[in-house]
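K.L.:
Dropping a prediction and its sequence here:
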Amino acid sequence: MSTPKADDPKKETSAMAASKARDKEHPKGQMKTPPIVSPEVWEAARQQLLVKEKAFTRSRDALAAERRRMPWMAVEKKYEPKARSACSTCSRGAVS
């Protein structure tokens, strides 16, 4: 049994035709749904999307690593809370 290729225009055309027919059945303003396709076409589309998702993840991870490598800046000013009552442990004292 041969599996259809993802770039098979005949399969895509029939799927798009089914989608357009379904869209005509619904009044305007309703959500348009993706075409209904065979398991083989769906798997090919899923594999293509997976490649994009992995590339995005690698890009996001690289950006996060770059952010972690940024130089730090010394904080010269002493920090104190604006309202001591805002700190729930301040009135009881520090717990060690």
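P.N.:
Looks like it came in fine.
K.L.:
need the longest helix for the protein.
P.N.:
Determined from DSSP state H, the single longest helix within the chain is helix 39-68.
K.L.:
Does it pack against any helices or strands, and if so which?
P.N.:
In terms of contacts (3 or more C-beta pairs under 8 Å, 6 or more residues apart in numbering; DSSP states H and E), helix 39-68 is packed against helix 9-25. Yep, even glycine has a C-beta here, placed from its N, CA and C like the rest.
K.L.:
Where does the prediction get shaky in the protein?
P.N.:
Under the criterion pLDDT under 70, the flagged ranges of the chain are 1-12, 22-23, 25-28, 84-96.
K.L.:
number of nearby residues for residue 44?
P.N.:
Taking other C-beta atoms under 10 Å as the criterion, the count of residues near residue 44 is 19.
K.L.:
Look up how far residue 66 lies from residue 53.
P.N.:
Between residue 53 and residue 66 the distance, using C-beta to C-beta, to the nearest Å, works out to 20 Å.
K.L.:
re earlier: quick check: buried residues in the longest helix of the chain?
P.N.:
40, 41, 44 (16 or more other C-beta atoms under 10 Å).
K.L.:
again, but for stretch 15-25
P.N.:
Of the residues in stretch 15-25, those buried under the neighbour-count criterion (16+ other C-beta under 10 Å) are 15, 19.
K.L.:
quick one: what helix or strand has residue 81 in it?
P.N.:
If you go by DSSP states H and E, residue 81 is not part of any helix or strand.
K.L.:
Is there a neighbour count for it? I'd like the number.
P.N.:
Other residues near residue 81 number 9, with proximity taken as other C-beta under 10 Å.
K.L.:
What distance do you get for residue 41 to residue 13?
P.N.:
From residue 41 across to residue 13, the span is 12 Å (C-beta to C-beta).
K.L.:
Okay then, goodbye and thanks.
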